[in-house]
Each structure stands twice: as structure tokens, then as C-alpha cells.
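Peer 1: okay, sequence plus prediction incoming.
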Number of protein chains: 2
Amino acid sequence: MSIEEAIKQKKFVNPYHKLGVNLIYTSNWLMHQQQEALRAFDLSPQQYNVLRILRGAFPLPMRVSAICERMLDKTSNASRLVDKLLAKNLLTRKSCPSDRRAVNVVISEEGFRLLQEADQVIAVQEEALHNLTPEEALSVSDMLDTIRQANSR
Amino acid sequence: MSIEEAIKQKKFVNPYHKLGVNLIYTSNWLMHQQQEALRAFDLSPQQYNVLRILRGAFPLPMRVSAICERMLDKTSNASRLVDKLLAKNLLTRKSCPSDRRAVNVVISEEGFRLLQEADQVIAVQEEALHNLTPEEALSVSDMLDTIRQANSR
DNA sequence: AGACAATAAATGTTTTGACATTAAATGTAT
DNA sequence: ATACATTTAATGTCAAAACATTTATTGTCT
């Protein structure tokens, strides 16, 4: 379904406007797909994201601030996300001996197990992207990088 | 800044995973830009979106359900968004004579004026997308459509 | 006509996001 | 050493999103 059909709009101001609209629409579409896929695991996309980041750092611990820097939405509240995941025993949180302001966050065994299951359903869901060739996928990704060159954040 | 730098992640599972991550990241980036640009007008991106939809339909009125169908995020609550915009006199809402369940929503003169101003700052912000050629922009947009072909929503 | 399903919008409730503020610990300059 | 700024994480607060439910009206079938 073209973006024109999806939002029932025939005309766009210019190609850039059309791209902007489509970008946001498609991202929402992807996020909703993920949300649905993760619901069975009682994980929000952001919680899933944090777990993946922690697994990437494993066995090294991460600080909350370091998690934040790697998140897709940097304005989100990593502290409370860690709280949620801790309550589910998906990670451990210990105060850091060398800097008592900071905390060391590490994914737990249970976190690993849940992530492994979740990865499978996410992979299935991600197959939507396989409508493009690998080259096209990387090309789009590069162009997205180009878009953001204008202004950093 | 490449997506690798942006989220401090060197490796991705495959080109598709990288694209998915970049898509969501770039959409968030765009949304935050818009949010900042619209703050001066006390409009959220979604409220702005609704006003633009209503302007597109003008002089015809729209039902809440029709607005919803054209929104970028279809799970958002159009009813309450209309409430907010009504409180600011940016639109009018009258119950529809032919179907008393429905309401007719029309953008107001004041809504037109605000939108005209907001459009200008959004246009400036949207110039980030001009790092691509018009052909590239349309090409990316087409590929986003392709991605969503897998499953509708 | 009456019963029941379908549709439109609004509302209630709970969770999450945005944003500022606070609290504690550390770094730095005099 | 003291004062002050900076960093780190947590918290408070208010607005917005998510999701189910409700209310009113219309459509449909017998």
C-alpha cells in the first residue's frame, strides 16, 4: 500500500514532504508491529531495546547514562526503564564502588533467556524489511544518515 | 553522523536490522525537530497534523473517524485532539444533522492563520531532507512503501 | 415494529513520556 | 581545605498515549 493510500492523501507539497510523512508513518508502523510481537513477553519496545543494549555490553556492566546514549529515543527515561526490568529480574543493578553516584547494570540470566525468545518473534516481524534487497536496505540506511547530517541532536 | 555513531553500536545483525534501527531513530529525530519547531505555536506534531488534514478537506467538514484514517499514527485519540484544538478555537465542531452520531469538524479562520505561520517553521525544519536529491527522496519513499507491503495495518 | 448488530464519538483508567527538580557524589579552582 | 560547579541517577508532576468501555444513534434482519 502506497503512502498515498495509507493516509488517503493524493498530493504532497514536494518529494521531501512526502518522504518526511512516509518516514514517520513507516516508523510508527514498524513500532506497532514490534509492540504487538513483544506483548507476549510483557516487554515494551523500549524495554526490549535496553535489554539488547545490555546484552551487547555483556559481561561488562553499563551505567544508566551509557544506556541512555545508545537508546533510539534519547529523551526516554532510562532510570525508570531499568526499574521496570529490575522488578522482573531481567537485570541486576549494583551501585558502582569506584563512583558511588553511578550504578552498574548487567543483564541477568533470566534476561538472556527472555531476550532469546523475543529475538525470534522480532526476527519474524523484521522479515517485512526483506522486501528490499540487502543493497537497497543499506542504501536507504545511508540516505537516512544523510538526512540527519543537516543538524545533529 | 552515521547511525553507528549515533547509537554507539558498531555491529548490526544484518542490513535489514540496521535499516529498522535507523528508521526508528531517524523518525524520532524528525519528530523531535518538529516538536521543537511547533512549540512556539503551542501545537504538538499530532495537533499540527490534524489541522493540516482539516485544511486539506476544507471547505468540506470531516468526521472524527475520517481524520483518524488520515493520521500518521492511527492509534492516537482523534477525539481528544479535536477537543484540544477546539479549546483553542482552531476549529469548529458541530453535530452532523444527517447522522447524529457523527460530528462535523472544520478548520477555523484562526486555525488557518496559525497553520500558515507554523508551515513556515516546519518548512525550514524540513529542509534537512533536502540533503537528498528529489529523485533520491522519492526513491526512499518508494522503498518505505515496499517495506510495508509485507503486512498491512 | 422489535431485536440485535454495527458504527461514531466520547470517556475512564492505567501506563508511559516529557520535563524540571532534587540528592548525592565527585571534580576543580582558589 | 573550602566553595562551587559538574555529573549521575532518581523522583515529582503534569500531559499524552494506550486500551478498553460506554453512550447514543443508525442499520439490518425477521
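Peer 2: Happy to help now that I have it.

Peer 1: chain neighbours aside, what residue packs nearest to residue A:54?
Peer 2: Of all residues not flanking residue A:54 in the chain, residue A:107 sits nearest, at 3.9 Å (Cβ to Cβ, 6 or more residues apart in numbering or on different chains). Bear in mind the C-beta positions are built from the backbone N, C-alpha and C, glycine included.

Peer 1: biggest helix in chain A, by residue count?
Peer 2: helix A:15-39 (DSSP state H).

Peer 1: what's the following helix or strand after that one?
Peer 2: helix A:45-57 (DSSP states H and E).

Peer 1: okay, strands next: where are they in chain A?
Peer 2: Assigned by DSSP state E, chain A shows strands spanning A:91-95, A:103-107.

Peer 1: what lies in contact with the last one?
Peer 2: The one in question is strand A:103-107. A:51, A:54-55, A:58-59, A:61-64, A:67, A:82, A:90-96, A:115 (Cβ atoms under 8 Å, 6 or more residues apart in numbering or on different chains).

Peer 1: stretch A:5-13 now?
Peer 2: So stretch A:5-13 is contacted by A:3, A:4, A:18, A:21, A:25, B:56, B:69, B:70, B:71, B:72, B:148 (Cβ under 8 Å, 6+ apart).

Peer 1: please redo it, this time with the cut-off set to 7 Å
Peer 2: A:4, A:18, A:21, A:25, B:56, B:69, B:70, B:72 (Cβ atoms under 7 Å, 6 or more residues apart in numbering or on different chains).

Peer 1: what about residue A:80, distance to residue A:67?
Peer 2: 12 Å (Cβ to Cβ, to the nearest Å).

Peer 1: and residue A:36, by the same measure?
Peer 2: From residue A:36 across to residue A:67, the span is 24 Å (Cβ to Cβ).

Peer 1: have a look at the two and say which one is more surrounded.
Peer 2: Taking other Cβ atoms under 10 Å in any protein chain shown, residue A:36 and residue A:67 do not tie; residue A:67 has more neighbours (20 against 12).

Peer 1: for residue A:102, see how far away the more buried one is.
Peer 2: Residue A:67 is 12 Å from residue A:102, by Cβ to Cβ.

Peer 1: residue A:90 too?
Peer 2: 20 Å.

Peer 1: higher neighbour count, the two?
Peer 2: Neighbours per residue, other Cβ under 10 Å: of residue A:90 and residue A:102, the larger number sits with residue A:90, 24 against 16.

Peer 1: so what's the residue nearest to the more buried one when sequence neighbours are not counted up against?
Peer 2: Distances taken as Cβ to Cβ, 6+ apart put residue A:111 closest to residue A:90, at 3.8 Å, once the chain neighbours are dropped. For residue A:111, the contacting residues are A:51, A:90, A:91, by Cβ under 7 Å, 6+ apart.

Peer 1: which residues touch the most centrally placed residue in chain A?
Peer 2: Chain A has residue A:49 as the residue nearest its centroid, 4.6 Å off, counting by Cα atoms, centre = their mean. Going by Cβ under 7 Å, 6+ apart, residue A:49 touches A:71, A:72.

Peer 1: from residue A:54, how far off is the residue in chain A positioned nearest to chain B?
Peer 2: At 3.2 Å from chain B, residue A:27 is the closest residue in chain A, using Cβ to the nearest Cβ. Look at residue A:27 and residue A:54: by Cβ to Cβ, they are 24 Å apart.

Peer 1: contact partners for residue A:115?
Peer 2: When contacts are counted by Cβ under 7 Å, 6+ apart, residue A:115 touches A:51, A:52, A:55.

Peer 1: residue A:3 and residue A:25 touch, don't they?
Peer 2: Yes. Here residue A:3 reaches residue A:25: they are 6.2 Å apart, a contact under Cβ atoms under 7 Å.

Peer 1: the closest residue to residue A:52 other than its chain neighbours and residue A:108: what is the separation?
Peer 2: Closest residue in space to residue A:52, ignoring its immediate chain neighbours: residue A:115 at 6.8 Å, by Cβ to Cβ, 6+ apart. The gap separating residue A:115 from residue A:108 is 10 Å, by Cβ to Cβ.

Peer 1: try residue A:122
Peer 2: 20 Å.

Peer 1: give me the more crowded residue out of the two.
Peer 2: Using other Cβ under 10 Å as the criterion, residue A:122 and residue A:108 rank with residue A:122 on top: 21 against 17.

Peer 1: check contacts around the more buried one.
Peer 2: Counting by Cβ under 7 Å, 6+ apart, residue A:122 touches A:34, A:37.

Peer 1: same thing but 10 Å
Peer 2: The neighbours of residue A:122, taking Cβ atoms under 10 Å, 6 or more residues apart in numbering or on different chains as the test, are A:33, A:34, A:37, A:38, A:41, A:45, A:48, A:52, A:115, B:17, B:20.
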